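**Q** Structure here, sequence nowhere to be found:
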């Protein structure tokens, strides 16, 4: 099952870059609204995953919600990590990628991103 998810991820990213490039070529000044939609869809899919996994809607799950994590001194470092992951490595990264795809083709961007682990 893991191999299928890895393949689906690659296809999903490739498709996302292709569609984003087409949108940015047509309207290069719309990077922020396009990014907002992408991040919103990502958050909705994550919420569906949490609901399906049984994490949300339980008494234990309520204590790990972001508001409670920010107020609980023992969980503030974890809350900081959640905020960093959501705001910097997801939202800001998507905005930079979307802006770049307005200037670089999706094929070139895929090659650049494929060399990232090197």
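**A** Perfect, thanks for sending it. Keep in mind the model is a prediction, meaning the values are calculated, not measured.

**Q** Just say helix, strand or coil for residue 73.
**A** coil (DSSP: H, G, I helix; E, B strand; the rest coil).

**Q** For the remainder of this discussion, apply numbering that starts at 31.
**A** Noted, 31 is the first residue going forward, which turns the last one into residue 103.

**Q** wait, what's in contact with the most centrally placed residue in the chain?
**A** Central residue of the chain (Cα atoms, centre = their mean): residue 120, 4.3 Å from the mean position. Contact partners of residue 120, counting by Cβ atoms under 8 Å, 6 or more residues apart in numbering, are 69, 72. For glycine as for every other residue, the C-beta is placed from the backbone atoms N, C-alpha and C.

**Q** need the longest helix for this structure.
**A** Using DSSP state H to define each element, the chain has its longest helix at helix 32-56.

**Q** what's it in contact with?
**A** Helix 32-56 is contacted by residues 60-61, 64, 68, 127-129, 131-132, 135-136, 139-140, 143 when judged by Cβ under 8 Å, 6+ apart.

**Q** switch the cut-off to 6 Å
**A** By Cβ atoms under 6 Å, 6 or more residues apart in numbering, the surrounding residues in contact with helix 32-56 are 64, 128, 131-132, 136, 139.

**Q** Pull out the buried positions in it.
**A** For helix 32-56, the neighbour count (16 or more other Cβ atoms under 10 Å) marks 46-48, 50-51, 53-54 as buried.

**Q** now the residues you listed as a markdown table including distance to residue 106 and pLDDT?
**A** As requested, these are exported to a markdown table (distance: Cβ to Cβ, whole Å; pLDDT from 0 to 100):
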| residue | distance to residue 106 | pLDDT |
| --- | --- | --- |
| 46 | 33 | 86 |
| 47 | 36 | 85 |
| 48 | 40 | 88 |
| 50 | 35 | 89 |
| 51 | 39 | 89 |
| 53 | 38 | 90 |
| 54 | 38 | 89 |
